[in-house]
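>>> Dropping the sequence and predicted coords here.
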Amino acid sequence: MGRPTGPATRIITSNAMAKLLKIAETKDVPPGQAAAFTIEGQKIALFNVDGTYYAIGDTCTHRGGPLSEGDVQGTTVTCPLHGADFDLKTGAVVGPPAQKGVPSYKVVVEGDDIKLEV
């Protein structure tokens, strides 16, 4: 399938690049724990699951509950307010009542520093 051509065609490119921001050190979020951060105006929950870090939006899309305070089983977090389940790897909803996922963020560990790609 070809690209549309003609005077109405516009190609928009962005020079914005993702950047890594240090948000914590590994000692700040031990295995089995979570923490909430506000990074560039975004509420983000950071989870440590057996030494692997995951970061997703901290606000449940159902009624705004703090996911960083939810129960974690494997790589699923349950919102403490109404029980919606979210995948820590992708931010996708895996159980109701929420119908929309939350953002997910790439986590990079460099030495003892935990950084997020935003």
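That came through, no problem.
>>> low pLDDT regions in the protein?
Residues of the chain that meet the criterion pLDDT under 70 lie in 1-16.
>>> Could you list which residues are in contact with the residue most central in space within it?
Residue closest to the average C-alpha location in the chain (Cα atoms, centre = their mean): Ile56, at 1.7 Å. Residues near Ile56 by Cβ atoms under 8 Å, 6 or more residues apart in numbering: Ile44, Ala45, Phe47, Leu67, Val77, Phe86, Leu88, Gly91, Val102, Pro103, Ser104, Tyr105. Every C-beta, even on glycine, is put in place using the N, C-alpha and C of the backbone.
>>> Show me which of those residues is closest to Thr61.
Val102 (6.1 Å; Cβ to Cβ).
>>> What separation do you get for that closest one and Phe47?
Note on Val102: its distance to Phe47, by Cβ to Cβ, to the nearest Å, is 12 Å.
>>> before we move on, the earlier item: pairing partners for the helix or strand hosting the residue nearest to the centre of the chain, with directions?
According to DSSP states H and E, Ile56 maps onto strand 52-57. Sheet pairing of strand 52-57 (DSSP bridges) gives strand 42-49 (antiparallel), strand 104-105 (antiparallel).
>>> dump the residue contacts of Glu117.
Ala18, Lys19, Leu20, Tyr105, Lys106, Val107, Val108.
>>> so can I have CSV of the strands paired with strand 52-57 showing mean neighbour count?
Shown next, in CSV, are the strands paired with strand 52-57 (neighbours: other Cβ atoms under 10 Å):
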stretch, mean neighbour count
strand 42-49, 21
strand 104-105, 20
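>>> Would you format the ones you listed as JSON lines with distance to Ala35 included?
Listed next are these as JSON lines, based on distance: least, Cβ to Cβ, whole Å:
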{"stretch": "strand 42-49", "distance to Ala35": "5"}
{"stretch": "strand 104-105", "distance to Ala35": "14"}
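>>> who wins for proximity to Gly32 among the ones you listed?
By Cβ to Cβ (comparing all of the strands paired with strand 52-57), the closest turns out to be strand 42-49, at 6.8 Å.
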